[in-house]
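# Task: produce atomic coordinates for the following.
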Amino acid sequence: MPYKNPEDKKNNRKKYYLNNKEKINEYVKNNKDIKKKSNKKYSENNKEKIKLWSKEYYLTNKEKIREYKRLYTSNRMKSDPLFKLTKSIRTLIGNSIRRNGYKKLSRTELILGCSFEEFKVHIESKFEPWMTWDNRGLYNGTENYGWDIDHIIPLDSATNEDELLQLNHYSNLQPLCSKVNRDIKKY
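You can find the predicted model right below:
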């Protein structure tokens, strides 16, 4: 029966759902695996088609996708200290390797020597009482205002790629007052 008013259709569906809630939920629960399997089967049989569609979608929506990723990353960096730490450590290690003329060939966690969660705990264990994740990276020229992640043995002391990778190990990293860290780098 066609509905002239979309609200009538919505209300009837809602009423049906409320009257048959258990039956519907049971059906969905029992058929969830069937849908997953059929989606997986479709994906396996249509890899090229999906790849072409994905590429075309990306090319026609590039700016929209980039903006979404930028906003997502920005919001996540503000709300998730582990995400922010992970992104910054990947950047720190990647840049230190490229700056010295090498290519980063292994995953950051392998270079770091521990998981990002373990690294976060390691850094927190070295916090001074005034250090928090909220004042990381802050600098105003005074002591105990903000802190940076510092290499205990400087990266400049590395003479080859293996030494450079060893200096990026978590055991050579510590939280250090931003003022102290930046004053050291001047000399």
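# Select the longest helix from this protein.
Ordering each helix of the chain by length in residues (DSSP state H) puts helix 21-45 first.
# Downstream of that helix, the next helix or strand is which one?
helix 47-60 (DSSP states H and E).
# For this structure, just list every one of the helices.
Going by DSSP H, the chain shows helices at 6-19, 21-45, 47-60, 62-79, 81-99, 108-112, 116-125, 161-167, 178-186.
# And the ones you listed: which comes nearest I152?
Nearest of the helices of the chain to I152, taken as CB to CB: helix 161-167 at 8.8 Å. C-beta here means a position set from N, CA and C on the backbone, and glycine is covered the same way.
# tell me what the longest helix of the chain is packed against?
If contacts are counted by 3 or more CB pairs under 8 Å, 6 or more residues apart in numbering; DSSP states H and E, helix 21-45 sits against no helix or strand.
# Helix 6-19 and that one, what's the angle between them?
Calculated by axes from the mean of the first three to the mean of the last three CA atoms, to 10 degrees, helix 21-45 forms an angle of 110 degrees with helix 6-19.
# what pLDDT, on average, does helix 21-45 get?
Averaged across helix 21-45, pLDDT comes to 81.
# angle of it against helix 47-60?
Using the same axes, to 10 degrees: helix 21-45 against helix 47-60 is 100 degrees.
# Compare the helices of the chain and give me the one nearest Y139.
Checking the helices of the chain against Y139 by CB to CB gives helix 178-186 as the closest, at 4.2 Å.
# buried sites along that closest one?
178-179, 181 (16 or more other CB atoms under 10 Å).
# circling back: list the contacts of the longest helix of the chain.
By CB atoms under 8 Å, 6 or more residues apart in numbering, the list of residues contacting helix 21-45 from outside reads 17, 50.
# Over to stretch 178-187?
Contacts of stretch 178-187 (CB under 8 Å, 6+ apart): 137-139, 141-143, 145-148, 150.
# Mark which of the residues you listed are buried, thanks.
Among these, those classed as buried by 16+ other CB under 10 Å are 146-148, 150.
# Make CSV from the buried residues of helix 178-186 and add distance to P154 and pLDDT to it.
As requested, the buried residues of helix 178-186 are exported to CSV (distance: CB to CB, whole Å; pLDDT from 0 to 100):
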residue, distance to P154, pLDDT
S178, 16, 91
K179, 17, 89
N181, 11, 86
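# just the buried ones among the contacts of stretch 178-187 now: which is nearest N61?
Nearest to N61 among those, counting by CB to CB, is D148 at 37.5 Å.
# Nearest residue to the closest one in space, ignoring adjacent ones along the chain?
Spatial nearest neighbour of D148, chain neighbours left out: N181 (4.6 Å); criterion: CB to CB, 6 or more residues apart in numbering.
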